[in-house]
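Return a 3D structure for these sequence lines:
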Amino acid sequence: MDILGPFPPATAQRKFMIVAIDYFTKWVEAEALATITEKKCEDFFYRSVVCRFGIPRVLISDNGKQFDNLTFRTFCSNLSIEQCFTSVAHPQTNGQTKVTNRTLLQGIKKKLDGVKGLWVDELPKILWAYNTTTRTATGETPFSLSFGMETLIPVEIGLSSLRLTTYDPVQNAEALRANLDLLDEWREQAAMHLVAYQHRVSKFYDQRVRPRMF
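Coordinates of the predicted model:
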């Protein structure tokens, strides 16, 4: 979990954005805020993460005062959530969120194209586009890994995709049940794809490392 901003003030003086991403599925939740107090962060996490997807085992964040305080620590402790904080010298620990933040910022910039204060209106569209786009690391969309099926996106309505033209209620119900049966295998394949991707990235960067002996 991380905090972005400040942005140009939007309605209700919202100028910050709090972001949470699941490490495996890459599913992103985000919300625009006027202030970034510990209570706001706790409310967002409980409402958008715990109540929708369940209680996570570990929460990784930087050691900003919004996350590293008695109120938020107590909240996590009561739910048996282990808090992990990134050190100032090693921000890569929270690299997953940092990469997502960069993608969201690029999406906001493209959508607004210089128009100030409207980024809040575009945020749901940007999140939807991110969660329904195949991620390189897993080879799957965050939506499919979270819910066990691919969602119907607006562009398919205009183009009359194969899923629309061949839709059959009976076959669709059977396909959904089959997807649920195969969900564990689907996620296992995504996990192997993720490990292979991380290995390729590590190998690429290790080529530029110059070993030094002390």
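
Residue 47: neighbour count?
12 (other CB atoms under 10 Å). All C-beta atoms are positioned from the backbone trio N, CA, C, and that covers glycine.

For it, give me the pLDDT.
At residue 47, the predicted lDDT confidence score is 95.

what do you get for the one 4 residues further on?
Per-residue confidence for residue 51 comes out at a pLDDT of 94.

For it, I want the exact helix or strand it lies within.
Using DSSP states H and E, residue 51 maps to helix 51-53.

could you say what helices and strands the very next helix or strand once past that helix packs with?
Next helix or strand after helix 51-53 toward the C-terminus (DSSP H and E): strand 58-61. Identification of packing neighbours for strand 58-61 by 3 or more CB pairs under 8 Å, 6 or more residues apart in numbering; DSSP states H and E yields strand 82-85.

can you pull the contacts of residue 31?
Shown in contact with residue 31 (CB atoms under 8 Å, 6 or more residues apart in numbering): 17, 18, 44, 48.

roughly how far apart are the third one and residue 167?
Meaning residue 44. From residue 44 over to residue 167 the distance is 37 Å, taken as CB to CB, to the nearest Å.

okay, the two: which has more neighbours?
More neighbours surround residue 44 than the other of residue 44 and residue 167, with 19 against 11 (other CB under 10 Å).

per-residue confidence for the more buried one?
95.

Give me the contacts around the helix or strand containing it.
In this structure, residue 44 sits in helix 38-45 according to DSSP H and E. With contact meaning CB under 8 Å, 6+ apart, helix 38-45 is reached by 1, 3, 18, 20, 29, 31, 33, 59, 65-67, 69, 71-72, 75.

now swap in stretch 141-152 and tell me
With contact meaning CB under 8 Å, 6+ apart, stretch 141-152 is reached by 22, 24-28, 53, 130-135, 138, 163-164, 176, 179-180, 183, 186-187, 190.
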